[in-house]
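>>> what follows is a predicted structure for the sequence shown.
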Amino acid sequence: MADFIRHTLETAPEASKPLVENAIAMFGMLPNLTATMAESPQLLEVYQLAHVRFQETSFTPDELNTVWLAINVEHACHYCVPAHTGIAHRMGVDPEVIEALRTESPLPDAKLEALRGFTLAMVRGRGVVSDDEMQAFFAAGYSRKHVLEVILGIAQKVMSNYVNHVAQTPVDAPFAKFAWDRKSVAAA
């Protein structure tokens with residue numbers, strides 16, 4: 001496996017330094033994902049912008065986290081599942097919803113379950129979904145705008161999940177208590 005540098009503010013490429021500063025200001029620390037992405041200022045910039053823009057969509061905090069965690073779990077991202085578990089708690093998502101997303105159990109809310117199902121259909125089908133899947137999503141109360149917003153969430157998470165896979169990004173200390181891997185969930 002290739003060794004990827006986890007930059008500091010001092011070692012980051014010049015074009016990444018303001019982006020690293022943004023992350024430190026946002027999180028109160030330098031997340032290992034940002035430190036790794038800093039090697040490519042272009043990737044880091046697009047990732048940060050996608051993160052901000054996804055949060056500006058019409059989704060509620062519960063819906064944002066349903067999309068994020070559904071994708072992270074589907075991609076078996078050892079870094080993003082714990083990180084987004086912490087983020088979900090901080091955003092006030094019901095712990096029962098968070099746990100159901102982490103364990104791939106049925107969600108206690110039918111609309112969120114429809115969102116998770118549609119998100120996973122998009123991920124698994126690489127954007128190709130059936131008419132029935134689309135109609136079920138609309139029947140749950142979502143719109144064409146939401147379809148496009150799910151695609152934005154997928155784009156954001158593909159960037160981070162793939163970086164974490166290739167770089168084996170260590171989970172940040174504040175999220176270590178939410179450690180996750182699919183094997184341990186399946187065994188529980």
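The structure has been received and is ready for your questions. The structure presented is a predicted model; accordingly, all values stated were derived computationally and were not measured. Numbers count the residues shown, from 1 in each chain.
>>> list the contacts of stretch 16-35.
Applying Cβ atoms under 8 Å, 6 or more residues apart in numbering, the set of residues contacting stretch 16-35 from outside is 6-9, 12, 38-41, 44-45, 48, 79-80, 83, 160, 163-164, 169-172, 174. For the C-beta atoms, the positions are set from N, CA and C on the backbone; glycine is no exception.
>>> how does it look with 6 Å?
6-7, 9, 12, 38, 41, 44-45, 48, 160, 169-170, 172 (Cβ atoms under 6 Å, 6 or more residues apart in numbering).
>>> quick check: of those, which lies closest to residue 137?
The shortest approach to residue 137 among the contacts of stretch 16-35 belongs to residue 160, at 24.1 Å (Cβ to Cβ).
>>> rewinding a little: out of the contacts of stretch 16-35, which are buried?
6, 7, 12, 38, 41, 44, 45, 48, 160, 169, 172 (16 or more other Cβ atoms under 10 Å).
>>> for residue 7, see how far away the fourth one is.
Look at residue 38 and residue 7: by Cβ to Cβ, to the nearest Å, they are 4 Å apart.
>>> any idea which element the most centrally placed residue in the chain lies in?
Nearest to the mean C-alpha position of the chain, by Cα atoms, centre = their mean, lies residue 68 at 3.7 Å. Using DSSP states H and E, the element containing residue 68 is helix 61-74.
>>> backbone dihedrals for the closest residue to residue 36 other than its chain neighbours, please?
In space, and not counting its chain neighbours, residue 36 is closest to residue 167: 4.8 Å by Cβ to Cβ, 6 or more residues apart in numbering. Per-residue torsions, residue 167: phi -90, psi -10 (degrees, to the nearest 10).
>>> what's around residue 25, how many residues?
8 (other Cβ atoms under 10 Å).
>>> ok, residue 135 next?
10.
>>> and it, what element?
Assigned by DSSP H and E, residue 135 falls in helix 131-139.
>>> report all helices and strands that the helix holding residue 68 contacts.
Under the contact definition 3 or more Cβ pairs under 6 Å, 6 or more residues apart in numbering; DSSP states H and E, helix 61-74 sits against helix 80-90, helix 110-124.
>>> and the helix or strand that the first one is followed by, what's its mean pLDDT?
This points to helix 80-90. As assigned by DSSP H and E, the chain's next helix or strand after helix 80-90 is helix 95-103. Averaged over helix 95-103, pLDDT sits at 97.
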